[in-house]
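Trainee: Take this sequence and fold it.
(chains A and B)
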Amino acid sequence: MKRSTSKRAMAALLILVMLAMFALPNEAAAKSPYKGYTYNQSEETPVSINGYLYRDSIDGYDWDAGPFKEPEDLFVAEDDTIYAVDGGNNRVVHFDKSKRLLGMYGDSEGKGQLNGPKGVYVTGDGEVFVADTLNHRIVAFDREGRFVKEFGPPQSPLLGTDFVYSPSKLIIDKRNYMIVVSEGAYQGLLQIDPNGAFKGFFGANLLGFSWEKTIVKFMATQEQKEQLSNEKPPEFSNLIQDQEGFVYTTTLGIPTSQVKRLSAVGVNTLTDIEYGDHHMARRNWERLFPTFVDVTVNDNGVFTALDQTTGRAFQYDKLGNLLFIFGGIGEQNGLFKTPSAISETSDGTIYIADRTRGRIDRFRTTPFADKVHEATNLYVDGDYEKSAEPWREVLDMNSNYDLAYKAIGKALYKSGQYREAMDYFELAKARDDYSAAFLEYRKHYMRQHFAWIAGGAVALYILLKIGFRLYRKWRSKRSKSKIAVSEGGSAS
Amino acid sequence: MNTVRLAKLALLHPITFFEDIQERAKWHYAFVMIGLAILAHYLSLTFSGFLFQTREPYQISILIESTWIVVPWLTWSVTNWGVSSIMDGEGKFKQIFVGSAFTLIPYITLSVPVAIVSNLLAKSEAMMYNGLEVFIFVWVVYLILLQVKIIHDFTFGKMLWITLLTIIGMFIIWFIGMLLYGLINQSIQFVIGLYKEINYRL
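Mentor: This next block holds a predicted model:
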């Protein structure tokens, strides 16, 4: 009897719980499929708070034009509307951040028909330039989507006879020159003037030095050497332009400097930084390496690079300090299958196109990221003192964030609190900064305690001198007395 | 007290010391000196400044750090004794064993002060710190060479030759040691695997 009542009670409870499951809202149960982490000075990966979380996706299923198929590139115009290259559908789609379709580019026939487009650039007055890769040309459309003109393969003896022009990405710089990534062009980026004439290469990658190559070259036969000289510099995979006219590029197949910020003369102004994950997995005993396919930069110089190998986006500040890592390869929302393009709108939302899935995912910043951005924007401008307060708040949220310690250390250093700055630099393992603070601290310490130090040195000198004299006297006396004892006399 | 007096002698008058040690060597001196060397090494790791210590405390194991002193010393003693016995050296194993331990005396006395001084140096003054480290090292090497020369009563050229042979011998011993370790490890794994396999089948 007792057992059946308890059974009945259990059943009632079970039903209640199941009802509660339906009744309670479950929209807040969005756990991120990726864990936040960062890198410290010792190349370890301490846990960090996620900077970006998945918000929603744009797949185009509710548009009359139909869904995306293999989106290849994203471009954010000045009015924050987004142009996406819909490679599988041979068109460029224009939409805004509330997912409204604004326009389409690419005709179904005629000169404006696209074939495997991979890149897009939109000028300030709405002219749309598309890298029409398989047609070996760049096409310009006006704002309404009407074909305007095309730029065919550039002609120049510099390009060589076996050069195949496959433009995949492009920008237009302040001189109205097109700067173009052509697939397989190891010589660099192509500069093409508004008339379609080739104006030379820009920012070529260099072949790195390696001991292995040197030794092989030393031992190789003539034929082997001929094969060796066919080795080509790594090629660019993407490029964008920031407000100041710097060109950010991504390069495939190199271990460092995968992201470059090229000045107007093609010099990389970001020093040798190893972008992406530092401890890559192995597959078939080969270590995988990051494949950066796109990068985006915001008005404050914070840039985010997209790695196709790990499916992660890596965000850096203007100086190349790592801020956030998010994303990954997988099925859940927030992970990707083949991420192909990344862009950031002015409200800080990051758009990442997934080629295989045929959709564009949007990521929003977390409050933690907002705080870090606030702090880092002050910090990279050299306003260390003002940045200290937000950095302290960052540390309240996440004490693993080493950049904050370094920044607070710099603020303290600037305000002359060298001893405190040393502590913060030690926490951040910033040895160079620590050394600088230590030098100042030592100087000040010596100056303040000069009387004591000088007095102490003099006193020590006198004490040692007297001590030595006494010791010598005592020793000679003892040896004399020893001799006296051995000679049979009395000790005194 | 006797160990301390000998240590002082080794530090200030090494030639007299190595002549003396041939009669006065006692086994326990060696263990005291090696113990002191380990202690000095440990203290120098503890006291050295942030700029000159790239490792975190948790990355330092006192056991592994001691093997860096004990193993070279033991293999050096054994190899040097073996090589010099073949090549007409006069030294006995006990003398080499104890004498080698005393060659660490510059490190024992100076490494801790150098570590403390490193707290007063900036990164740009690393030259000074490195210079002191090199000074200690050169002194130790000098004592080792002196020991080989005096204990075995060699000429200068023969001393260098024997030292070189000893170093080669040390590497051979280490290589064989690692080889043995690997083989024994594998054979133990094999027996364990065999046992497990049979266990599953039964």
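Trainee: contacting residues for the residue of chain B found nearest chain A?
Mentor: The nearest approach of chain B to chain A comes at residue B:123, 3.5 Å away (C-beta to the nearest C-beta). No exception for glycine: its C-beta is placed from N, CA and C like everyone else's. Neighbouring residues of residue B:123 by C-beta atoms under 8 Å, 6 or more residues apart in numbering or on different chains: A:431, A:432, A:434, A:435, B:51.
Trainee: Pull out the buried members of these.
Mentor: Among the contacts of residue B:123, those buried by neighbour count (16 or more other C-beta atoms under 10 Å in any protein chain shown) are A:431, A:434, A:435, B:51.
Trainee: where's the first one relative to chain B, distance?
Mentor: Spelled out, it's residue A:431. As for residue A:431, its distance to chain B is 6 Å (criterion: C-beta to the nearest C-beta, to the nearest Å).
Trainee: Might you report the residue contacts of the closest residue to that residue other than its chain neighbours?
Mentor: The shortest distance from residue A:431 to any non-neighbouring residue, by C-beta to C-beta, 6 or more residues apart in numbering or on different chains, is to residue B:51 (5.7 Å). Going by C-beta under 8 Å, 6+ apart, residue B:51 touches A:431, A:434, A:435, A:438, B:118, B:121, B:122, B:123, B:126.
Trainee: so the third one sits in a helix?
Mentor: Looking back up the chat, that one is residue A:435. Yes. With DSSP: H, G, I helix; E, B strand; the rest coil as the criterion, residue A:435 is located in a helix.
Trainee: Residue B:124 is in contact with that one, correct?
Mentor: Yes. Counting by C-beta atoms under 8 Å, residue B:124 is a contact partner of residue A:435 at 6.9 Å.
Trainee: re the thing from before, export the buried ones among the contacts of residue B:123 to TSV and append columns for distance to residue B:43.
Mentor: Below are the buried ones among the contacts of residue B:123 laid out as TSV (distance: C-beta to C-beta, whole Å):
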residue	distance to residue B:43
A:431	22
A:434	22
A:435	24
B:51	18
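Trainee: which phi and psi does the closest residue to residue A:73 other than its chain neighbours have?
Mentor: Excluding its sequence neighbours, the residue lying closest to residue A:73 (C-beta to C-beta, 6+ apart) is residue A:85, at 4.1 Å. Phi and psi for residue A:85, reported as degrees, to the nearest 10, are phi -80, psi 120.
Trainee: does residue A:85 have beta-bridge partners, and which?
Mentor: Counting by DSSP bridges, residue A:85 is bridged to residue A:73, residue A:92.
Trainee: Pull the residues that contact the worst-scoring helix or strand of chain B on mean pLDDT.
Mentor: Counting by mean pLDDT, DSSP states H and E, the weakest-scoring helix or strand in chain B turns out to be helix B:2-12, with a mean of 84. Helix B:2-12 is contacted from outside by B:16-17, B:20-21, B:24, B:29, B:32-33, B:102-103, B:105-106, B:108-109, B:143, using C-beta under 8 Å, 6+ apart.
Trainee: and these, which of them are in helices?
Mentor: The members of these that map onto helices under DSSP state H are B:16-17, B:20-21, B:24, B:29, B:32-33, B:102, B:105-106, B:108-109, B:143.
Trainee: Return only those of those found close to chain A.
Mentor: Residues of the ones in helices among the contacts of helix B:2-12 in contact with chain A (C-beta under 8 Å from any C-beta of the partner chain): none.
Trainee: does residue B:190 sit in a helix, a strand or a coil?
Mentor: helix.
Trainee: Who are the contact partners of it?
Mentor: With C-beta under 8 Å, 6+ apart, residue B:190 has no contacts at all.
Trainee: Which pLDDT value belongs to residue A:404?
Mentor: Here, the pLDDT recorded for residue A:404 equals 93.
Trainee: Kindly report the same for residue B:187.
Mentor: pLDDT, read off for residue B:187, is 96.
Trainee: Can you tell me the element it falls in?
Mentor: Using DSSP states H and E, residue B:187 maps to helix B:156-201.
Trainee: Which residues does residue A:105 form beta bridges with?
Mentor: Bridge pairing for residue A:105 (DSSP bridges) gives the partners residue A:92.
Trainee: was I right about it contacting residue A:127?
Mentor: No. With contact defined as C-beta under 8 Å, residue A:105 does not reach residue A:127; the gap is 10.4 Å.
Trainee: Those two: which has the busier surroundings?
Mentor: Ranked by neighbour count (other C-beta atoms under 10 Å in any protein chain shown), residue A:105 and residue A:127 place residue A:105 first, with 28 against 15.
Trainee: Next, work out how far apart the more buried one and residue A:443 are.
Mentor: Residue A:105 is 64 Å from residue A:443, where distance means C-beta to C-beta, to the nearest Å.
Trainee: Also residue A:344?
Mentor: To residue A:443, residue A:344 is 45 Å away according to C-beta to C-beta.
Trainee: Tell me the residue of chain A that sits nearest chain B?
Mentor: Closest point on chain A to chain B, by C-beta to the nearest C-beta, is residue A:435, at 3.5 Å.
Trainee: circling back to that earlier point, out of the contacts of helix B:2-12, the closest to residue B:168 would be?
Mentor: Checking the contacts of helix B:2-12 against residue B:168 with C-beta to C-beta, the nearest one is residue B:103 at 19.3 Å.
Trainee: Can you identify each of the strands in the stretch 251-400 of chain A by residue range?
Mentor: Here the stretch 251-400 of chain A has its strands, by DSSP state E, counting those that start in this stretch, at A:259-262, A:282-283, A:286-287, A:292-297, A:303-307, A:312-316, A:322-327, A:339-344, A:350-354, A:359-365.
Trainee: any idea how far the fourth one is from the chain center?
Mentor: When distances are taken as C-alpha atoms, centre = their mean, to the nearest Å, strand A:292-297 is centred 9 Å away from the chain's centroid.
Trainee: ok, now the fifth one?
Mentor: How far strand A:303-307 lies from its chain's middle: 5 Å, per C-alpha atoms, centre = their mean.
Trainee: No further questions, thank you.
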